[in-house]
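Colleague: Take this sequence and fold it.
(one chain, ligands or ions: 2)
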Amino acid sequence: MSLNQISLNNFRNIEALSFSPSDQINIILGENGSGKTSLLEAIYFLSNGRSFRTNKHKLMIRHEQTKCVVHGKKQLHSLSIPIGISKDLQGETQLRIQGQSSRKIAELAQILPTQVITPESYELFFGGPKERRKFLDLGVFHVEHQFYSVWKDFNKVLKQRNALLKSKPVQYQLQIRTWDREFVRLAEQINMFRKAYISRFERHFFDKIGVISPIFKGLEMRYDAGWKGDLAELLNAQLERDSKLGYTTKGPHKADFNFYANGHGVENILSRGQLKLTLYALKIAQNNLIEAETEKQSILLIDDLPSELSQDTMLSIAHLLAECQSQLFITAINSESIQAIVEPMKRNVEMFHVEHGRLITK
Ligand SMILES: Nc1ncnc2c1ncn2[C@@H]1O[C@H](COP(=O)(O)OP(=O)(O)OP(=O)(O)O)[C@@H](O)[C@H]1O
Ligand SMILES: [Mg+2]
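Modeller: Ligands and ions are numbered 1, 2, ... in the order given. Purely as a prediction, here's the structure:
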């Protein structure tokens, strides 16, 4: 059920690279600038159709080349599903799933539930609602089959509503009121899916993961739907304000999933190392839940794991990773720095070395 074959062409500094990762833990070692993050980025690109480090697709394409390509084979029971994605300088994306071309990135994302943790992730995650909402929706997307189409429809309505609020054509308020019935219907469905998911997520987190570190014991999760009370009434009451601003201020697109310790937002009370550990716990709990509720093995990409972590935090992360059945790709500069993670691990560990964009077997 894992990604058991990966190949890259003209991706960042990697001209051509092919390897067969373990379905358990893969450690990718290499000097600064060797291509470790690029390798993780390519796996993320294969599962999400975009990079986790840039919106500028051109940067993924190797200098002086016209397109980057990533292929993989996903093992599902006895079935091997070939998947592939490429992006050219014009931004054109080509997808292939099982020999068929596809236009839907969501199909790839369905096949490969993938999360990423980089040394900067915790700042983004605890710094604002956008990343937390993305995190929440990734979980809902994988376990609630109808969520994606509802979410897509809602975003179409939101776009229409915002366009009307911005351009204010004749009788735009009347038009908005017509859209609002659909807006409310879809918003309530999204809210219902999210709430149901969070209650399962919380239970899962505190049963399985919450025991690993005392930091997690005092953790409290709060969900904010993006509005309070009757949404139809609220949209009506806000219409004047929204027209002035040119966008919709209430609705599921403003939802948040917040974390508190002793009544304070974790970002204001926990240390950087503690925040990092908390983020690992949340992401691992999410992957575990996706795996428990679907047949899929998920992927967790961890870039530069040892950076800024003390030995005891590394040990807690090792315990978290031992609880995790995801296929792991972890990068580090050298094997010594990762020893505290690898040693207590009871799972199969494969080591790979990257040098100047090439995989070297040592
Ligand atoms: N589009 C591109 N074409 C060619 N080379 C690129 C491109 N984008 C980035 N690079 C180069 O690729 C190399 C690998 O970068 P990468 O970020 O993967 O390194 P890394 O192994 O993660 O290093 P670090 O340990 O410093 O994080 C760097 O030298 C970078 O300058
Ligand atoms: Mg890197």
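Colleague: Buried residues of stretch 193-213, list them for me.
Modeller: Across stretch 193-213, burial judged by 16 or more other Cβ atoms under 10 Å covers 193-194, 197-198, 201-202, 204-205, 208-210, 212-213. C-beta: built from backbone N, CA, C; applies to glycine.
Colleague: Least confident of those?
Modeller: Of all the buried residues of stretch 193-213, K208 carries the smallest pLDDT score, 85.
Colleague: Surely that one is in contact with E323?
Modeller: Yes. Contact criterion Cβ atoms under 8 Å: K208 and E323 qualify, at 6.3 Å.
Colleague: Write out the residues of the stretch 51-200 of the chain neighbouring ligand 1.
Modeller: Residues of the stretch 51-200 of the chain lying close to ligand 1 (Cβ under 6 Å from any ligand atom) are L59, I61, R62, H63.
Colleague: Need the residues touching each of K208 and E323.
Modeller: Here K208 and E323 have N288 as joint contacts, going by Cβ atoms under 8 Å, 6 or more residues apart in numbering.
Colleague: okay if I get the residues of the stretch 51-200 of the chain next to ligand 1 as CSV plus secondary structure and neighbour count?
Modeller: Below are those laid out as CSV (DSSP: H, G, I helix; E, B strand; the rest coil; neighbours: other Cβ atoms under 10 Å):
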residue, secondary structure, neighbour count
L59, helix, 13
I61, strand, 19
R62, coil, 19
H63, coil, 9
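Colleague: got CSV for those residues, with distance to E131 and pLDDT too?
Modeller: As requested, these are exported to CSV (distance: Cβ to Cβ, whole Å; pLDDT from 0 to 100):
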residue, distance to E131, pLDDT
L59, 21, 98
I61, 26, 98
R62, 29, 98
H63, 30, 98
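Colleague: Okay, helices next: where are they in this protein?
Modeller: With DSSP state H as the criterion, the chain has helices at 36-48, 105-111, 121-127, 129-143, 147-167, 172-204, 214-217, 231-245, 266-269, 272-293, 311-322, 335-342.
Colleague: Among those, pick out the one with the most neighbours on average.
Modeller: Most buried of these, by mean neighbour count (mean count of other Cβ atoms under 10 Å): helix 36-48, with a mean of 24.
Colleague: Report the rounded mean pLDDT for it.
Modeller: Throughout helix 36-48, pLDDT has a mean value of 97.
Colleague: Over to stretch 308-318?
Modeller: Stretch 308-318 carries an average pLDDT of 92.
Colleague: How about it and ligand 1, any contact?
Modeller: No. For stretch 308-318, no contact with ligand 1 is found by Cβ under 6 Å from any ligand atom; the gap never falls below 13.4 Å.
Colleague: What score does the spatially most central residue of the chain have for pLDDT?
Modeller: When Cα atoms, centre = their mean is applied to the chain, the residue found nearest the centroid is Q115 (4.1 Å). For Q115, the model assigns a pLDDT of 97.
Colleague: Hmm, it is touching L289, no?
Modeller: No. Counting by Cβ under 8 Å, Q115 stays clear of L289, with 11.6 Å between them.
Colleague: For the residues of the stretch 51-200 of the chain next to ligand 1, give me TSV that also has distance to F352.
Modeller: Below are these laid out as TSV (distance: Cβ to Cβ, whole Å):
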residue	distance to F352
L59	23
I61	23
R62	20
H63	24
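Colleague: Specify which member of those is nearest to D137.
Modeller: D137 lies nearest to L59 out of these, by Cβ to Cβ, at 25.6 Å.
Colleague: How about the contacts made by that closest one?
Modeller: The contact partners of L59, by Cβ under 8 Å, 6+ apart, come to R12, S51.
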